[in-house]
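In: Got a predicted model here, sequence first, then my questions.
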Amino acid sequence: MKATWTPHEKHGELTKQSDLPGSVYAFPNQRKEPLTDAKHVRNAIARFDQVVGVSDHDRELAFANIKKAAGHYGVDMTETDWHELGKTPSTGRSAEDRHRSAQKAAATRKKHGT
């Protein structure tokens, strides 16, 4: 799958997520997981399996975008396929626990309009 990610450099502070173009997100259609610097790329890798409400096609595109951004920002990635992300969680929680937690967080954000 061809990546859609492109680097975005903006001077000053970004005050809202809506200030970013869709091309900087791992999941551009859902505007999830911005990839604006190395820290955000590492975060997207770590949280990849926590993203809910996306299809396998979305995950394939997101993986391509993360891989492209990782190369741009010098973030080492050993994974070669999106199925490999989240296989070894560092939290000690099961995938089922993390999925429930992500769903609860999404419901809370929706309730509060954030």
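Out: Structure's in. What do you need? This one's a predicted model, so the numbers in the text were calculated from it and none came from an experiment.
In: neighbours around residue 54, how many?
Out: 15 (other CB atoms under 10 Å). Any C-beta I mention is one placed from the backbone N, CA and C, and that applies to glycine too.
In: just checking, it touches residue 32?
Out: Yes - under the criterion of CB atoms under 8 Å, residue 54 makes contact with residue 32 at 7.4 Å.
In: which stretches of the protein have low pLDDT?
Out: Scanning the chain with the threshold set as pLDDT under 70 gives 9-18, 86-94, 114.
In: In it, mark out all the strands, start to finish.
Out: 25-27, 32-34 (DSSP state E).
In: So which of the ones you listed is nearest residue 76?
Out: Nearest to residue 76, of all the strands of the chain, is strand 25-27, at 17.0 Å by CB to CB.
In: Pairing partners for that closest one, with directions?
Out: Paired with strand 25-27 in the same sheet, following DSSP bridges, are strand 32-34 (antiparallel).
In: Run through who's touching the partner strand.
Out: Residues outside strand 32-34 that contact it (CB atoms under 8 Å, 6 or more residues apart in numbering) are 17, 20, 24-27, 40, 43-44, 47-48, 51, 54, 62, 66.
In: so who does residue 40 touch?
Out: Counting by CB under 8 Å, 6+ apart, residue 40 has contacts 33-34.
In: Which neighbours do residue 54 and residue 32 have in common?
Out: In contact with both residue 54 and residue 32: residue 62, using CB under 8 Å, 6+ apart.
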